[in-house]
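>>> Return a 3D structure for these sequence lines:
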Amino acid sequence: MTSPTKGAWGPSAIVTLLALLLLHAGPIEAAFARTASCMQTSRIRSIESVDARTARFTLWNRTIWLNTFRSACGVSGFKGFTYKTPTGQLCSGGTMRAVGTGNTSVCILGKFEEVPPPGH
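Below is the predicted model of the structure:
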């Protein structure tokens, strides 16, 4: 059996490792953002289009969740979204319709990702 190199994980190495982790706290924290497969429709205050692939859900408790559609959803002349759900939930793989002037596009939902509040 071989012994580890003397001082390989001594106090200075541990301090260096902790300093590196603290420097990168933003990306590490972002990696732990909450995700959800479904969203209760009764919790939704509003839904806004961010772009052709993303919708922003603002809940009554003021938290914000993003949903990236599985494919681009035509929102030209966008007026809003409509949905029907017998379960009271919008879920990944489910659909919403982007209602525009003269057209309606079907948007297939992906996972919901919570947007951390500012300063977190």
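
>>> pretty sure residue 81 contacts residue 95?
No: in this structure, residue 81 is not within contact of residue 95 by C-beta atoms under 8 Å, at 10.1 Å. Any C-beta I mention is one placed from the backbone N, CA and C, and that applies to glycine too.

>>> Quick check on these two: which one has the bigger neighbour count.
In this comparison of residue 81 against residue 95, neighbours counted by other C-beta atoms under 10 Å, the higher total goes to residue 81 at 20 against 16.

>>> just checking, what packs against the helix or strand where that one lies?
For residue 81, the enclosing helix or strand under DSSP states H and E is strand 78-82. The helices and strands touching strand 78-82, judged by 3 or more C-beta pairs under 8 Å, 6 or more residues apart in numbering; DSSP states H and E, are strand 44-51, strand 95-100.

>>> Find the nearest non-adjacent residue to residue 80, please.
Of all residues beyond its chain neighbours, the one nearest residue 80 is residue 99 (5.4 Å), with distances taken as C-beta to C-beta, 6 or more residues apart in numbering.

>>> Tell me, how many residues neighbour the one you found?
Once other C-beta under 10 Å is used to define contacts, residue 99 is seen to have 15 neighbours.

>>> go on, residue 67?
Neighbours around residue 67, by other C-beta under 10 Å: 23.

>>> does it count as helix, strand or coil?
Taking DSSP: H, G, I helix; E, B strand; the rest coil as the rule, one finds residue 67 in the strand state.

>>> That one reaches residue 110, doesn't it?
Yes: proximity of residue 67 to residue 110 meets the contact threshold set by C-beta under 8 Å, at 5.9 Å.

>>> Tell me the spacing between the nearest residue to residue 37 once chain neighbours are set aside and residue 70.
Distance criterion C-beta to C-beta, 6+ apart; nearest residue to residue 37, sequence neighbours excluded, is residue 92 at 4.8 Å. Using C-beta to C-beta, to the nearest Å, one gets 9 Å for the distance from residue 92 to residue 70.
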